[in-house]
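S.K.: For reference, the sequence and a predicted model appear below.
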Amino acid sequence: MIKGINVMGADDKEKTLAFFDALTDSLGDSEGVSKEEIIADLQEEGIDVNAAVRRILTMVENASQQAKRQQLEIARKQRLALSSKKPTQLGGFVGWSKEQIIEKINELLHTDAPLASVSYRELESKSQEDLAALLEDIIATKEMAEQESQDED
Amino acid sequence: MVNTFGEGKYNSEIHAELDKADWQEISLHLLQFAVSKAKMLRAMGVVDVGPEDLIQQAISLAYGVGPNNTYRNWNKEVYPDLASFLRSVIKSIVSHKKEHRQKFKTETIDNNLGDKEIKSMSPETPEALVIKNQDFSNIKKAIYERVKGDEEIEMVLLCFEEGISKPQDIAKEIGYDINKVNNALKRLRRKTKDLDRPLD
């Protein structure tokens, strides 16, 4: 890199940084640029575009799943906090068969978009109590989402 | 340090919108932008952040799974399209790293535990800052040298001096057709491909 020893004032430094901000904003701006042109530019930079896009799609999938798990975890903590103060909420599903609980879980997972792709394999292998707790968490997550939506309205 | 990324909160509707987005297309726009921004960071000496790191951080913030579960809520009124919103998030991240870089430098030191090295942060000395700033100023001079004679790019660079960066705004400012500006930017992109490496 070219080096010089002239002293640069604070204003000059700010201006230089603002110049590089504008330069890199502009060179990275792809609004109105065709997909083919973007791909060609990226390839010129030595980027394996298909591989990079695949990695980004995986990032999105992972972030989405992590956010869903996070919401379920919050709901679980809320349920546990509530159940320490009053009789267990799981009582709401007394008399439900394991199949009924699984059916309800599946129904909620398929109707509530934010939870739709949460993966719960081998639901059948869980105990009735665990399934009831999971159903509570899903319902609580749904209620939280509805409450948030109402708060914003 | 104040975390500037935690303004939002989880919103299931935004989550659903993010899930539905055309990420295949958005990825290309993000890559183009992040490549450009990562180059600037590398030119500043922030060498451990690549384009995909910037994209990863932006996506994490949009979904609310960033550091300390921080969020950046997608406001569709301000950014009707998701790519623009994520570009703005990347800009914030870069700005944050730039500020941090200006205050601190990363040192690699031998920890006497074999081959591994550890990194520590210490305040940038005024002398080091003067040299670094001068380096940056010289990169700018080198860019001007490279484009000498290409009047269209020179005009575009003058717009950057004024902080004008959107191709449409540049076109308006200098009275060029947008295609002319885009072509000038394309040539400039080629000429500054090695912005983050020693320039002649």
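M.R.: Structure received.

S.K.: Mind telling me which residue of chain B is nearest chain A?
M.R.: At 3.2 Å from chain A, B:S36 is the closest residue in chain B, using C-beta to the nearest C-beta. From N, CA and C alone the C-beta is placed, and that goes for glycine too.

S.K.: what pLDDT does that residue get?
M.R.: On the pLDDT scale, B:S36 is placed at 93.

S.K.: Could I get the full set of helices for the chain?
M.R.: Since no chain was named, I'll use chain A. For chain A, the helices defined by DSSP state H cover A:10-28, A:35-44, A:49-85, A:98-111, A:128-152.

S.K.: my question was about chain B
M.R.: Under the criterion DSSP H, helices of chain B are mapped to B:12-20, B:23-43, B:51-63, B:82-103, B:126-147, B:151-161, B:167-174, B:178-191.

S.K.: If I average pLDDT within each of the ones you listed, which one is lowest?
M.R.: helix B:126-147 (a mean of 74).

S.K.: quick one on the thing from earlier: what distance do you get for the residue of chain B closest to chain A to A:R69?
M.R.: Between B:S36 and A:R69 the distance is 33 Å, computed by C-beta to C-beta, to the nearest Å.

S.K.: Let me see the residues that make contact with stretch B:165-174.
M.R.: Residues outside stretch B:165-174 that contact it (C-beta atoms under 8 Å, 6 or more residues apart in numbering or on different chains): A:21-23, A:25-26, A:29, A:31-32, B:155-156, B:158-159, B:162, B:164, B:176-178, B:180-182, B:185.

S.K.: In chain A, which residue sits closest to chain B?
M.R.: Distance from chain B to each residue of chain A (C-beta to the nearest C-beta) is smallest for A:G28, at 3.2 Å.

S.K.: So for the chain, which residue is the most central one in space?
M.R.: Picked chain A for this. A:S64 (2.9 Å; C-alpha atoms, centre = their mean).

S.K.: look at chain B instead
M.R.: The residue lying closest to the centre of chain B (C-alpha atoms, centre = their mean) is B:K37, at 2.6 Å.

S.K.: Now it: closest residue in space that isn't a chain neighbour?
M.R.: Counting by C-beta to C-beta, 6 or more residues apart in numbering or on different chains, B:K37 lies nearest to B:V94, which is 4.8 Å off, once chain neighbours are set aside.

S.K.: is it true that that neighbour touches B:A34?
M.R.: No: if you go by C-beta atoms under 8 Å, B:V94 and B:A34 don't touch, sitting 9.1 Å apart.

S.K.: So for those two, which residues contact both of them?
M.R.: Counting by C-beta under 8 Å, 6+ apart, the common neighbours of B:V94 and B:A34 are B:L54.

S.K.: Comparing those two, which residue is more hemmed in?
M.R.: B:A34 (28 against 25; other C-beta atoms under 10 Å in any protein chain shown).

S.K.: which residues sit in contact with that one?
M.R.: Residues near B:A34 by C-beta under 8 Å, 6+ apart: A:G28, B:P51, B:E52, B:L54, B:I55, B:I90.

S.K.: switch to 7 Å and redo it
M.R.: By C-beta atoms under 7 Å, 6 or more residues apart in numbering or on different chains, the contact set of B:A34 is B:P51, B:L54, B:I55, B:I90.

S.K.: can you list those in TSV and add distance to A:S127 and neighbour count?
M.R.: Shown next, in TSV, are the contacts of B:A34 (distance: C-beta to C-beta, whole Å; neighbours: other C-beta atoms under 10 Å in any protein chain shown):
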residue	distance to A:S127	neighbour count
B:P51	46	25
B:L54	44	25
B:I55	41	27
B:I90	45	23
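
S.K.: related to what we said a few turns ago, now the residue of chain B closest to chain A: closest residue in space, sequence neighbours ignored.
M.R.: A:G28 (3.2 Å).

S.K.: quick one: the one you found and B:L30 touch, right?
M.R.: No: A:G28 is beyond contact range of B:L30, at 9.3 Å (criterion: C-beta atoms under 7 Å).

S.K.: Domain-wise, how is chain B divided?
M.R.: Chain B is divided into the following domains under automatic domain parsing: B:12-105, B:125-191.

S.K.: Out of those, which gets nearest to A:K98?
M.R.: domain B:12-105 (28.1 Å; C-beta to C-beta).

S.K.: For the residue of chain A closest to chain B, the count of nearby residues, please.
M.R.: Applying other C-beta under 10 Å, we find 26 other residues in the vicinity of A:G28.

S.K.: quick one, what contacts it?
M.R.: Neighbour list for A:G28: B:Q32, B:F33, B:V35, B:S36, B:K37 [criterion: C-beta under 7 Å, 6+ apart].
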